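> dropping a prediction and its sequence here:
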Amino acid sequence: MLREDLLNDAGALLPAEARPTRRTALKALGAGYAAAAGAAMAQTAIKTPADGLTVGEITYDVGGFKVPAYRAAPAGRTGLPVVLVVHEVFGVHEYIADTARRFARAGYLAIAPELFARQGDPGSYGELAKLMAEVVAKTPDEQALADLDGALKWAGANGGDVTRAAITGFCWGGRITWLYAAHAPVKAGVAWYGRLAGESTAATPKHPLDVAAALKGPVLGLYGGADSGIPLNTVDRMKGALAAGSPAAKGSQFVVYPDTPHAFHADYRPSFRQGPAEDGWKRALEWLRAHGVA
């Protein structure tokens with residue numbers, strides 16, 4: 001089926017030069033909600049205003065590819081602490097952009113790169129299984145980590161202090177948060193319900209359990225006790241791996257919220273739980289301050 005944006009008002013196919021490009025599609029980054037998320041509660045989602053902030057889409061080069069990202073920062077300020085915000089499987093939609101604005105209001109330069117940009121547009125998928133198979137499963141960890149490196153480099157050239165950098169992520173991005181804390185010298189990380197163990201594939205050769213001992217920055221893990229996709233025994237195994245690792249690994253911590261499902265911070269979804277979400281956000285900001293980011 002042809003995409004509606006490839007047709008003119010009469011239903012005829014637009015000429016190639018008139019069709020949307022990655023450049024024009026970038027304008028919508030951080031707007032709306034991913035269809036595959038089933039965002040039944042989107043009308044009740046938190047809306048963080050942008051007044052006093054510099055917000056919007058940017059791109060930066062990684063290996064000849066222009067990575068699109070949403071950034072938010074206090075307007076007119078430099079030397080800002082940096083936080084990388086890593087999206088769920090649904091990409092950089094309104095919820096992730098809003099989270100970046102929340103960090104900006106707390107004094108951070110927040111950057112949320114679209115880490116699926118080479119594989120496809122997650123916002124265009126209405127079926128989760130198809131999104132997982134065609135985009136998420138085909139995004140190599142190595143690519144994601146390199147794109148995050150590029151985001152930090154961009155931050156350093158655009159008002160950020162990369163000696164005070166942190167990373168946070170949700171679901172798919174929670175897993176990436178653990179991996180990046182073992183990959184790059186960030187001061188701290190906050191992983192929201194990221195998967196800790198899994199099958200090794202060409203795209204995902206290692207998982208957080210495999211790299212736990214090598215963390216370069218301590219990570220706060222925020223997890224739900226009723227998360228059907230992340231068994232609590234993997235949290236226990238991760239705690240054991242951290243205890244036998246580097247000083248940063250030993251300094252990592254978990255908070256598990258009883259009777260709380262996956263994606264409890266996602267305020268646009270039925271899984272949202274206000275109490276754990278608000279407590280987790282408070283803990284996240286305190287964690288970054290305690291480890292010298294803010």
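Yep, it's here. Numbering: from 1, shown residues only.
> what about E199, distance to A137?
11 Å (CB to CB, to the nearest Å). C-beta coordinates here come from the backbone N, C-alpha and C atoms, glycine included.
> of these two, who's got more company?
Using other CB atoms under 10 Å as the criterion, E199 and A137 rank with A137 on top: 14 against 6.
> just checking, A100 touches H87?
No - using CB atoms under 8 Å as the test, A100 is too far from H87 to be in contact (10.1 Å).
> need the residues touching each of these two.
Each of A112 lies in contact with both A100 and H87 under the rule CB atoms under 8 Å, 6 or more residues apart in numbering.
> and the strand or helix carrying I111, how far out from the chain's middle?
Per DSSP states H and E: I111 is located in strand 109-113. From the chain centre to the centre of strand 109-113 is a distance of 9 Å (CA atoms, centre = their mean, to the nearest Å).
> next, the contact list for the residue positioned nearest the centre of the chain, please.
By CA atoms, centre = their mean, the chain has its centre lying nearest to V86, at 1.4 Å. By CB under 8 Å, 6+ apart, the contact list for V86 reads 112-113, 115, 148, 167-170, 172-174, 176-177, 180.
> tabulate those in JSON lines, adding columns for neighbour count, secondary structure and distance to W192.
Below are the contacts of V86 laid out as JSON lines (neighbours: other CB atoms under 10 Å; DSSP: H, G, I helix; E, B strand; the rest coil; distance: CB to CB, whole Å):
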{"residue": "A112", "neighbour count": "29", "secondary structure": "strand", "distance to W192": "14"}
{"residue": "P113", "neighbour count": "27", "secondary structure": "strand", "distance to W192": "17"}
{"residue": "L115", "neighbour count": "29", "secondary structure": "coil", "distance to W192": "16"}
{"residue": "L148", "neighbour count": "26", "secondary structure": "helix", "distance to W192": "16"}
{"residue": "I167", "neighbour count": "30", "secondary structure": "strand", "distance to W192": "11"}
{"residue": "T168", "neighbour count": "26", "secondary structure": "strand", "distance to W192": "7"}
{"residue": "G169", "neighbour count": "28", "secondary structure": "strand", "distance to W192": "7"}
{"residue": "F170", "neighbour count": "29", "secondary structure": "strand", "distance to W192": "5"}
{"residue": "W172", "neighbour count": "22", "secondary structure": "helix", "distance to W192": "11"}
{"residue": "G173", "neighbour count": "25", "secondary structure": "helix", "distance to W192": "8"}
{"residue": "G174", "neighbour count": "28", "secondary structure": "helix", "distance to W192": "5"}
{"residue": "I176", "neighbour count": "27", "secondary structure": "helix", "distance to W192": "11"}
{"residue": "T177", "neighbour count": "29", "secondary structure": "helix", "distance to W192": "8"}
{"residue": "Y180", "neighbour count": "28", "secondary structure": "helix", "distance to W192": "14"}
